[in-house]
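Colleague: Structure for the following, please:
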Amino acid sequence: MSGHGAAQPMTSEKSGPLSGTAAVPGDKSISHRALIFGAMAVGETRITGLLEGQDVLDTAKAMQAFGAEVVQHGPGAWTVNGVGVGGFQEPADVIDCGNSGTGVRLIMGTMATTPITATFTGDASLRKRPMGRVTDPLSLFGTRAYGRKGGRLPMTVVGAESPVPVRYALPVASAQVKSAVLLAGLNAPGETVVIEREPTRDHSERMLLGFGATLNVEKTAEGHVITLQGRPELRPQTVAVPRDPSSAAFPVCAALIVEGSDILVPGVSQNLTRNGLYLTLVEMGAAIEFQNPREEGGEPVADLRVRFSDAMKGIEVPPERAPSMIDEYPILSVVAAFATGKTVMRGVRELRVKESDRIDAMARGLEACGVRIEEDEDTLIVHGMGAGGMPGGAVAKTHLDHRIAMSFLVAGMAAQKPVSVDDGSPIVTSFPIFEGLMNGLGARIRRG
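Modeller: Predicted coordinates:
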């Protein structure tokens, strides 16, 4: 059983050339933040292009529970009437964040410096994920958290009565932790400072500035030092959500490995803190053209023209690139299986505490498909079999992880024998139109 109902087995068979336009949904990270920042502004924020996957819908429900008025007006079109910084009311019921680690961690940060109490839970996958990496720095503000052993959900968070500003150096590269601390700092007096040794996705900083916060980012010997002035009055905005580069990764990578493919993926975010996968694919020899570069909603975007690439070669991915592509390693490992030579991915320990242990899930699934794999705690190495070389014919366990499910369904499009997943139902959390979109391009994905 999945956290979203009955398990949904799915199978992907070798397809003919993929062609057409892949209009992927809005960016998940920006969609979460647009709802949360809108709830903290005073007045009406208008959002277009919002991702309407289950993760984001759960965040919308949470903002309603904390007192904001959140209304859908049409596909991707929403408004949020906010309650102001520090204006959250105490929710009457448990906040269920479903499968979303981003949602629960950012919402915890948002309420952490308001003197209210909230209890959070999620699906079976989210209840296994550690929350201490967020609640530990939030405790510096005066926040208290009470959860299960290992700092896991369900968890009750008691907001600080008299919050104090903090200075916090991130022990691991995590945009979720950085954002949670900055969100908590909004309702603390004085300056809250976050230091990150390696830059992570910067959507929160961009959006804070857009909503009227006073924020400064400086590169020093310590790393990136982000200084936020507390207790601003955030101004409502019109937010145009660009298309999600993490979702775009699936049709892009499918086109690279399916013989004869030629597709267009329009309007994909090219934020430098999110484009690590695309840099890596180009280095491997992928035929990707970045057309019509422009800015939409404060984010750089481009249209991607992607064609089958039968001469891709394995490379060593720089470990410092990991923060800019942490969600894309599962699908990269599939592409690596269709390249020649070995692809070495180091510095990926963070994958072991995502929706699943993604290193283990991809390693076991690829091995079942006939691919040679090496791994340790912080490394995944895929020995490529060349274009069309993966035998396939396996059933991969998804462990309630949407990206694992989609990665193996992409693998089945180019493998010699069909590839199945034991449960594709979590895909709805981030990419609800995945199945229809891919089949519309020419894939052969079926349920059961």
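Colleague: Could you pull up the contacting residues of residue 372?
Modeller: Residue 372 makes contacts with 382-383, as judged by CB atoms under 8 Å, 6 or more residues apart in numbering. Using the backbone N, CA and C atoms, a C-beta is placed for each residue, glycine as well.
Colleague: Just the pLDDT for it.
Modeller: With respect to pLDDT, residue 372 scores 98.
Colleague: ok, now residue 173?
Modeller: 88.
Colleague: number of nearby residues for it?
Modeller: Residues near residue 173, counting by other CB atoms under 10 Å, number 21.
Colleague: same question, residue 337
Modeller: Here the count is done by other CB under 10 Å, and residue 337 has 28 residues near it.
Colleague: For the stretch 301-448 of the chain, just list every one of the strands.
Modeller: 316-317, 342-346, 372-376, 379-383, 395-396, 419-421, 444-447 (DSSP state E, counting those that start in this stretch).
Colleague: possible to save these as a markdown table with distance to residue 288?
Modeller: Supplementary listing: those in a markdown table, determined by distance: least, CB to CB, whole Å:
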| stretch | distance to residue 288 |
| --- | --- |
| strand 316-317 | 16 |
| strand 342-346 | 17 |
| strand 372-376 | 26 |
| strand 379-383 | 20 |
| strand 395-396 | 26 |
| strand 419-421 | 24 |
| strand 444-447 | 23 |
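Colleague: Contact partners for residue 207?
Modeller: Contacts for residue 207 (CB under 8 Å, 6+ apart) come out as 30, 33-34, 37, 239, 298.
Colleague: so which of those is the most crowded?
Modeller: Compared across the contacts of residue 207, residue 34 has the highest neighbour count, 32 neighbours, by other CB under 10 Å.
Colleague: Show me what the strand or helix carrying that residue is packed up against.
Modeller: Element membership of residue 34, judged by DSSP states H and E, is helix 28-40. Applying 3 or more CB pairs under 8 Å, 6 or more residues apart in numbering; DSSP states H and E, one finds that helix 28-40 makes contact with strand 42-48, helix 54-65, strand 69-74, strand 77-83, helix 101-111, helix 175-185, helix 203-210, strand 238-240.
Colleague: I'd like the ones you listed as JSON lines, with distance to residue 338 appended.
Modeller: Conversion of the helices and strands packed on helix 28-40 to JSON lines gives the following (distance: least, CB to CB, whole Å):
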{"stretch": "strand 42-48", "distance to residue 338": "36"}
{"stretch": "helix 54-65", "distance to residue 338": "29"}
{"stretch": "strand 69-74", "distance to residue 338": "40"}
{"stretch": "strand 77-83", "distance to residue 338": "39"}
{"stretch": "helix 101-111", "distance to residue 338": "29"}
{"stretch": "helix 175-185", "distance to residue 338": "30"}
{"stretch": "helix 203-210", "distance to residue 338": "31"}
{"stretch": "strand 238-240", "distance to residue 338": "35"}
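Colleague: For residue 150, find the nearest of the ones you listed.
Modeller: The closest of the helices and strands packed on helix 28-40 to residue 150 is helix 101-111. By CB to CB, the value is 14.7 Å.
Colleague: what's the average pLDDT for the helix or strand just after that closest one?
Modeller: The helix or strand immediately downstream of helix 101-111 is strand 117-121, counting by DSSP H and E. Throughout strand 117-121, pLDDT has a mean value of 98.
Colleague: What are the buried residues along strand 117-121?
Modeller: Buried residues in strand 117-121, counting neighbours by 16 or more other CB atoms under 10 Å, are found at 118-121.
Colleague: closest to residue 317 among those residues?
Modeller: Ranked by distance to residue 317 (CB to CB), the buried residues of strand 117-121 are led by residue 120 at 34.0 Å.
Colleague: Of the buried residues of strand 117-121, just say which sits nearest to residue 292.
Modeller: Within those, the smallest distance to residue 292 is 41.2 Å, found for residue 120 (CB to CB).
Colleague: how about the closest one, what does it touch?
Modeller: Applying CB under 8 Å, 6+ apart to residue 120 gives the contacts 94-97, 104, 107-108, 153-157.
Colleague: Quick one: these as JSON lines, columns for secondary structure and neighbour count too.
Modeller: JSON lines is the format used below for the contacts of residue 120 (DSSP: H, G, I helix; E, B strand; the rest coil; neighbours: other CB atoms under 10 Å):
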{"residue": "94", "secondary structure": "coil", "neighbour count": "14"}
{"residue": "95", "secondary structure": "strand", "neighbour count": "24"}
{"residue": "96", "secondary structure": "strand", "neighbour count": "21"}
{"residue": "97", "secondary structure": "coil", "neighbour count": "25"}
{"residue": "104", "secondary structure": "helix", "neighbour count": "30"}
{"residue": "107", "secondary structure": "helix", "neighbour count": "29"}
{"residue": "108", "secondary structure": "helix", "neighbour count": "26"}
{"residue": "153", "secondary structure": "strand", "neighbour count": "22"}
{"residue": "154", "secondary structure": "strand", "neighbour count": "15"}
{"residue": "155", "secondary structure": "strand", "neighbour count": "22"}
{"residue": "156", "secondary structure": "strand", "neighbour count": "14"}
{"residue": "157", "secondary structure": "strand", "neighbour count": "25"}
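Colleague: Residue 266: neighbouring residues, count only.
Modeller: Number of residues near residue 266 (other CB under 10 Å) recorded here: 17.
Colleague: So for it, what pLDDT did the model give?
Modeller: Residue 266 carries a pLDDT score of 96 in this model.
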